[in-house]
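Chemist: let me see the structure of the following:
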Amino acid sequence: MLRIGVMVSNLKLPLREAISTSARLGAQGVQLWTAGGDLDPDEISAMERREIMTQLSREGMEVSALCADYGRPYTDPANAELLKSCIMDQVSLALAFSTQVITTHVGHIPNDPNSPEWKTAQALLKELGDYADSMGVCLATETGPEEPAVLRAFMDSVGSRGAKVNYDPANLAMKGFDPVRGVAELGPYIAHTHAKDGIRHADGRAEEVPLGEGDVDWDAYIAALQDAAFDGYLTVEREGGDDPLGDVSHAISYLKMKVA
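Modeler: Numbers count the residues shown, from 1 in each chain. Got it, this is the predicted structure:
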């Protein structure tokens with residue numbers, strides 16, 4: 001059964017209020033941004049972690065995933081040691097928050113599997129994916145920079161049970177790729193999804209828009225996820241707009257109609 005989550009940082013509210021608001025709007029889970037700020041593994045105390053988990057339990061919610069995007073591509077060997085340290089800390093944090101998914105961006109994967117960038121990202125994701133898997137967690141790279149067929153070939157080459165995909169249909173649509181067809185390509189790797197919408201204009205300009213107002217065919221997309229046996233989270237992400245609360249509320253209501 002597909003569940004609905006919220007990227008709570010998008011609500012632009014204090015964390016505890018954002019969690020309560022997400023529950024009130026009908027979400028079943030929250031994704032926490034943990035690559036900095038108060039939720040960074042180096043900043044959050046064990047007591048604070050327990051207090052957040054207590055609130056989530058009281059609200060009948062769970063953590064759908066952590067978001068650990070450090071803005072450093074895995075394709076650059078200069079980033080390897082820092083990313084290893086950071087992601088290993090994120091795995092420990094994921095365990096504390098009882099979630100099995102950490103989402104991230106590995107950077108643009110080139111089409112050529114023999115390129116240095118491909119091989120660098122492949123080796124690093126293999127190492128971190130294997131570590132995450134040994135702890136019962138997965139590291140899910142977000143879709144968008146490359147077409148799904150290229151990402152599928154890359155993921156196959158990594159060969160780690162802990163290396164998965166965070167599927168964002170809007171990122172693909174805004175790049176001119178088909179987010180419905182991409183599910184068939186990446187289905188076995190999808191561990192988490194972002195419920196986001198976007199438009200690619202005729203001049204190539206990309207624009208994120210409220211759910212249901214973009215290029216994503218939500219009926220076909222959700223059917224494709226179900227065909228791929230995905231039963232995880234559709235986590236609402238609204239990065240733009242002037243009314244985040246209104247847009248997130250609308251998105252949850254919209255998704256509830258689609259997955260009922």
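
Chemist: what is the helix or strand hosting Thr120 packed up against?
Modeler: Using DSSP states H and E, the element containing Thr120 is helix 116-134. Under the contact criterion of 3 or more CB pairs under 8 Å, 6 or more residues apart in numbering; DSSP states H and E, helix 116-134 touches helix 80-96, strand 138-142, helix 148-158, strand 163-167. Placement of C-beta: from N, CA and C, glycine included.

Chemist: how far off strand 138-142 does the last one point, in degrees?
Modeler: Angle between the axes of strand 163-167 and strand 138-142 is 40 degrees (criterion: axes from the mean of the first three to the mean of the last three CA atoms, to 10 degrees).

Chemist: from the chain's centroid, how far away is strand 163-167?
Modeler: In terms of CA atoms, centre = their mean, to the nearest Å, the centre of strand 163-167 is found 8 Å from the chain centre.

Chemist: output the next helix or strand after that strand in PDB with nothing but the alpha carbons.
Modeler: Sequence-wise, the next helix or strand downstream of strand 163-167 (DSSP H and E) is helix 169-174. Taking C-alpha atoms only, helix 169-174 is exported to PDB below (Å, rounded to 0.1, in the frame of the first residue of the first chain):
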ATOM      1  CA  PRO A 169       9.200  12.200 -11.400                       C
ATOM      2  CA  ALA A 170       9.300  16.000 -11.600                       C
ATOM      3  CA  ASN A 171      13.100  16.000 -11.900                       C
ATOM      4  CA  LEU A 172      12.800  13.700 -14.900                       C
ATOM      5  CA  ALA A 173       9.900  15.600 -16.500                       C
ATOM      6  CA  MET A 174      11.700  18.900 -16.100                       C
END
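
Chemist: next, the buried residues of helix 169-174.
Modeler: For helix 169-174, the neighbour count (16 or more other CB atoms under 10 Å) marks Pro169, Ala170, Asn171, Leu172, Ala173, Met174 as buried.

Chemist: taking the residues you listed, tell me the two that lie furthest apart.
Modeler: Pairwise distances across these peak at 9.6 Å for Pro169 and Met174 (criterion: CB to CB).

Chemist: let me see the contact set for Trp218.
Modeler: By CB atoms under 8 Å, 6 or more residues apart in numbering, the contact list for Trp218 reads Leu211, Gly212, Tyr254, Leu255, Lys258.

Chemist: which ones are touching the fourth one?
Modeler: This points to Leu255. Ile4, Ala195, Leu211, Trp218, Leu234, Val236.

Chemist: now the helix or strand containing Ala220: mean pLDDT?
Modeler: Using DSSP H and E, the element containing Ala220 is helix 218-227. Average pLDDT, helix 218-227: 98.

Chemist: try stretch 82-97
Modeler: Stretch 82-97 carries an average pLDDT of 98.

Chemist: same question for stretch 144-157.
Modeler: 96.

Chemist: correct me, but Lys126 touches Arg161?
Modeler: No: Lys126 is not in contact with Arg161 according to CB atoms under 8 Å; the separation is 10.6 Å.

Chemist: of those two, who's got more company?
Modeler: Neighbour count, other CB atoms under 10 Å: between Lys126 and Arg161, Lys126 has more, with 16 against 11.

Chemist: Leu245 touches Leu11, doesn't it?
Modeler: Yes: if you go by CB under 8 Å, Leu245 and Leu11 touch, sitting 6.0 Å apart.

Chemist: give me the more crowded residue out of the two.
Modeler: Taking other CB under 10 Å, Leu245 and Leu11 do not tie; Leu11 has more neighbours (23 against 16).

Chemist: dump the residue contacts of the more buried one.
Modeler: By CB under 8 Å, 6+ apart, the contact set of Leu11 is Ala18, Thr21, Ser22, Pro244, Leu245, Val248.

Chemist: of those residues, which belong to helices?
Modeler: Ala18, Thr21, Ser22, Pro244, Leu245, Val248 (DSSP state H).

Chemist: can you give me the neighbour number for the first one?
Modeler: Counted with other CB under 10 Å, the neighbours of Ala18 add up to 21.

Chemist: thanks again, I'm all set now.
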